[in-house]
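>>> make a model of this:
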Amino acid sequence: MLLKFFLSLLSSWLLLLGISLSLQANELTNTPGVLESFETLINVSKQRRAQIQKKFQGKDVLTTSKQLNLDQYKYTVAHSYIQTTLLMANKSFLSQGRNQTCDFLELLWFGLYSKKPGSRFNIPASRENLQTGFKEPVLVDSKLLSEILVKDKCPESVSLFNTIRRSNIESLIKKISLPKDNEFEVNLTQCQTTYQKIKKSPYLNYLFYLSQILNYTQRNTNKTELKNKERLIFLKSAKIKEVLTYSQLNLIRGLRYNFSNLKDFCRSHISLDIFKAVKKDPFKYRNLLTPYCLDILGKRKKLTRNEYHECLDKMQSNDSICSYSTHPYTYSHYPKSPCSELIENYTSSLLKNLAPDCPARLQNEGSINAGRIISFYNKDYESADYEYFDYKNPTKCFKNNIVNMNEYSKELNIEKLWGTYACYYNKVQREENCYKVAFFDDPNNELSITQVVGKILKESKRTQHQPNCLFIPERKLKSLGLKKSQGCHITYDSNNCFFDKCAIKVFQNGREVPTFITIKNQSRIDYYAYQNNSLSIGFHRSLKQKFKLKDSKVYNLTQLEEILDRKNVLVHGIGCAEDLLPSSFKRRVINQCNPLPFIISGLKARKNALTSSVLVNLSINSIIDVKSYEWKSLNLAVENYQKNHPTRKWSLYALYK
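Model (predicted):
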C-alpha cells in the first residue's frame, strides 16, 4: 500500500508536467516484500538524480518570471529529480486526501523538501523554444516553478500564497483556528474533532512549514555560528513561540512526525502531554525537578507544589532554560538537554530513584559510573529517612556515591575503587601515613577532608586536640575578620577543586600551616578485569559477587528489550566518546577513542519509527540528564571501543537477578 500510494502520487504529478512514469508498480513488487521494492525504487531514483545533477552543472539558473519568458519557451521538468523528492518526502506532508498535486506544489513553495525550512533549490528542466524547437537544459528555482504551475491548477493555493505575502506570523496565526489549551484534555472525541479541523484547514501546509521551523531550531539549539538565512529561521521560531501557547506549540512541532495517523496524533498531543503528567504529582519527580527548579526560581529550600508548578510553567515557555542550569547538583557536561527532552526521557528511565549528582566535580568517569551502579543495588532510596538533597551545602552532591564506593571497596578488598589519599610523613614512625579522603565537608564522615586533615594535624603534633576544621573557598577566608578566622580552616580554589583532586591550604588561627600534606590520586576502575593482575578482581565481577547477580553480554536491540524486563536489571558498558558525543569529542586521528562509561536506563518509543530509542546515562552527564540514542549509534560506540582495546573484549553487559 505504501509503495502504491507513492507511485500514484508520483504519476499524478508527472502527468501534470506531461511526463510518463516508466517504472510500474507490478515491476517493483516482483521482489519479496514491499519494503525491498521501495528501497530499490529509491536507490534507482538517487542514481538518476546524481546523473542529472552532473549533467546540469554550470547551467543557467532561472529565478524570475522575466527569465522564464513563458511566451517564448516551454519547460519540461526532469522527472527523476521530482521522483526522488517525492519518495524521500515526509509521509505526514503527503497523505492528507486533498488535491495531491496542489499539496505538492504548496510544499515545494514552502521549501519543505529541503533540509532547512523555506529553502529554495534548483530543479533540472528542459527549455524548448516554441518557434525553433531548440531544447537546452536549465535549472529553475523551486519556488518560482511552483508559483507558475499553481496559477492554472490550484486557485486556493494562489490565494494562500497571496495571504502569506500580505501578513505577518502573528496575524496568520490568528486566522488559523487552533485548539485552545482547555481543548487538549484526554478525550478521544475532542481529539478526532481537532484532527479533522486541522486536516481540512487551508493553512495546513503553512502549519507544516511552522513545524519544520520549530523542529529545525530545536535540533540546532547549540549551534554557535549562524548564517543570515539561519538567523531568519531562528527569529521566526522565536516569534512563533511568542504567539502560541505551550500546547499549541507542542501540537505544531509534532505535525511533521505523526499527522498521517490519527492514533499517533492523539497519543502524542493529547493523551501524553508530559508536562501535565508531571504537574499532577511534581513530588514524584522531585529528583529531576528540584535542582533545576531551585536554579530557575532562585530558591535554597524545599519547594512547595505551587513553586514546582511555577517552575514547570517557566520550563514550558522557555525550553532551553534547563540547558544552562548552574545549580551544583547539575554540574556536568555542557550543554544539558532542553527541558522537554529532560522530562520526557527521565519519565521513561529505570533509574529515576537515584539521586541527582554532579559528575563535573569528579575527574574519573569510571568512578562516576561505579558509584551510580553501587547506589542502584544498595537501594539507599528505599530507606524511610533517605534525603539526598543538601540545601545548605550543595557541594556534597556526589557524597553518598563516594561513601558507598569506599564502603564497597573495603568490603570486597578493592582498594583502588576510591583511591584518593591525603598523606604526610610521620617523623616518629619514620614512614608515610595515608588516609583515604574526599573533598567535601562533613564532620560525621571519615572520608571528609575536614576529618582527615584534623586527624593529621593531631597525629603530627601540630595541635593538641583534633580540631573541627571548615572547608571553604580561598576568597571566603580573606573576607573573614580576625575573630572568625580563629580555629582550623582548609581553603581551596573554587575553579579547580574536584571530589578526587584538589589543591588545599591549611590555616590554623589565621596563619597558614607550612605545606606537609600531599594529595595522591590512585583510583583505578578495572571494569571487566581484562588484564591479569592482582589490583582488581574486576568491578563487574565484584558486583555479581556482592549482590548475587547473573550477567550476559548484550549484542542487539532485541536482546536488550528482553533483558530490560528482568528483575533488578542494569545494563552498563563503555563506548567511544567520539561516537556518543561527536559534537564535543572530535576525532583527529583514525583510531582515536576516549573511553566513556555509561548505563542504559530504559527504552523509549520513537515517533514515526519501527524501533525504540535507547535511554542512556553517560558518566559525564548528571544522572537526571538522560540521553536518547538509536541502537545503531550506541552499538557503534561500543564496537569502536572494542576495536581500540588491546584485548578486543566486548564491553556491554547486563546484570540481573
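
>>> helices along the stretch 401-550 of the chain, start to end?
Counting by DSSP state H, counting those that start in this stretch, residue ranges of the helices within the stretch 401-550 of the chain are 449-459, 474-479, 539-547.

>>> relative to Lys520, which of the ones you listed is closest?
Proximity of the helices of the stretch 401-550 of the chain to Lys520 was assessed by Cβ to Cβ; the nearest stretch is helix 449-459, lying at 12.5 Å. For glycine as for every other residue, the C-beta is placed from the backbone atoms N, C-alpha and C.

>>> about what we covered before: Lys379 is nearest to which of the helices of the stretch 401-550 of the chain?
Comparison of the helices of the stretch 401-550 of the chain against Lys379 by Cβ to Cβ identifies helix 539-547 as nearest, at 10.0 Å.

>>> mind listing what's buried along that closest one?
539-543, 547 (16 or more other Cβ atoms under 10 Å).

>>> for the residues you listed, give me TSV that also has distance to Pro335 and pLDDT.
Compiled in TSV, the buried residues of helix 539-547 are given as follows (distance: Cβ to Cβ, whole Å; pLDDT from 0 to 100):
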residue	distance to Pro335	pLDDT
Phe539	30	84
His540	31	86
Arg541	36	85
Ser542	35	87
Leu543	32	89
Phe547	35	91
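
>>> just those now: which is nearest Asn495?
When the buried residues of helix 539-547 are compared against Asn495 (criterion: Cβ to Cβ), the nearest one is Phe539, at 31.0 Å.

>>> would you map the strands across the stretch 401-550 of the chain?
Per DSSP state E, counting those that start in this stretch, the stretch 401-550 of the chain has strands spanning 420-426, 431-436, 470-473, 488-497, 502-508, 511-512, 518-521, 550-553. These are given in chain order.

>>> what's the closest of these to Glu128?
With Cβ to Cβ as the yardstick, what comes closest out of the strands of the stretch 401-550 of the chain is strand 550-553 (64.1 Å).

>>> what packs against the host helix or strand of Ile374?
According to DSSP states H and E, Ile374 maps onto helix 365-378. Taking 3 or more Cβ pairs under 8 Å, 6 or more residues apart in numbering; DSSP states H and E as the contact definition, the neighbouring helices and strands of helix 365-378 are helix 399-412, helix 539-547, strand 570-576, strand 595-604.

>>> got the contact list for the shortest one?
If I follow you right, that is strand 570-576. Outside of strand 570-576, the residues within contact range by Cβ atoms under 8 Å, 6 or more residues apart in numbering are 350, 369, 373, 376-377, 527, 540, 554, 560, 563-564, 585, 592-600, 634, 637-638, 640-641, 644, 651-656.

>>> show the pLDDT at Ser237.
The predicted local confidence for Ser237 comes out at a pLDDT of 85.

>>> try Asp625
What the model reports as pLDDT for Asp625 is 91.

>>> doesn't it lie inside a strand?
No. Asp625 sits outside any strand when classified using DSSP: H, G, I helix; E, B strand; the rest coil, being coil.

>>> which residues touch it?
Under the criterion of Cβ under 8 Å, 6+ apart, the contact list for Asp625 reads 330, 332, 336-337, 342, 617.

>>> now tabulate those in JSON lines and tack on pLDDT.
Output for the contacts of Asp625, formatted as JSON lines (pLDDT from 0 to 100):
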{"residue": "Thr330", "pLDDT": "77"}
{"residue": "Ser332", "pLDDT": "82"}
{"residue": "Lys336", "pLDDT": "84"}
{"residue": "Ser337", "pLDDT": "86"}
{"residue": "Leu342", "pLDDT": "89"}
{"residue": "Asn617", "pLDDT": "94"}
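
>>> tell me the one of those residues nearest Asp500?
Taking Cβ to Cβ as the measure, Ser332 is the one of the contacts of Asp625 closest to Asp500, at 15.7 Å.

>>> circling back: quick check: which of the helices and strands packed on helix 365-378 is buried the most?
Scoring the helices and strands packed on helix 365-378 by mean neighbour count under mean count of other Cβ atoms under 10 Å gives strand 570-576 as the most buried, with a mean of 25.

>>> listing partners with orientation, what would you give for it?
strand 595-604 (antiparallel), strand 652-656 (antiparallel) (DSSP bridges).

>>> now the angle from the helix holding Ile374 to strand 420-426?
Our comparison of helix 365-378 with strand 420-426, counting by axes from the mean of the first three to the mean of the last three Cα atoms, to 10 degrees, yields an angle of 110 degrees.

>>> dump the C-alpha coordinates for helix 365-378 into CSV.
As requested, the backbone C-alpha atoms of helix 365-378 are provided in CSV (Å, rounded to 0.1, in the frame of the first residue of the first chain):
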residue,chain,number,x,y,z
GLU,A,365,34.4,8.8,34.7
GLY,A,366,34.8,5.2,35.8
SER,A,367,34.3,6.2,39.5
ILE,A,368,31.2,8.1,38.5
ASN,A,369,29.6,5.1,36.8
ALA,A,370,30.7,2.7,39.6
GLY,A,371,29.2,5.0,42.3
ARG,A,372,25.9,5.1,40.5
ILE,A,373,25.8,1.3,40.0
ILE,A,374,26.6,0.6,43.6
SER,A,375,23.9,3.1,44.8
PHE,A,376,21.4,1.4,42.5
TYR,A,377,22.0,-2.0,44.0
ASN,A,378,22.4,-0.7,47.6
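
>>> so what touches that helix?
By Cβ under 8 Å, 6+ apart, the surrounding residues in contact with helix 365-378 are 351, 354-355, 357, 359, 362, 398, 400-402, 404-405, 408, 417-418, 500, 523, 525, 527, 539, 543, 546-547, 549, 568, 570, 572, 595-599, 617, 619-620, 623.

>>> go again with 6 Å.
Contact with helix 365-378 is made by 354, 359, 362, 401, 404-405, 408, 523, 525, 539, 547, 570, 597, 619, as judged by Cβ atoms under 6 Å, 6 or more residues apart in numbering.

>>> do stretch 197-208 as well
Counting by Cβ under 6 Å, 6+ apart, residues outside stretch 197-208 touching it are 93, 106-107, 176, 252, 255.

>>> now swap in stretch 435-454 and tell me
Residues outside stretch 435-454 that contact it (Cβ under 6 Å, 6+ apart) are 396, 399, 402, 406, 420-422, 466-467, 469, 471, 490, 499, 502.

>>> recalculate using a threshold of 7 Å.
Around stretch 435-454, the neighbours that count as contacts under Cβ atoms under 7 Å, 6 or more residues apart in numbering are 393, 395-396, 399, 402-403, 406, 418, 420-422, 455, 466-471, 488, 490, 497-499, 502, 506, 517.
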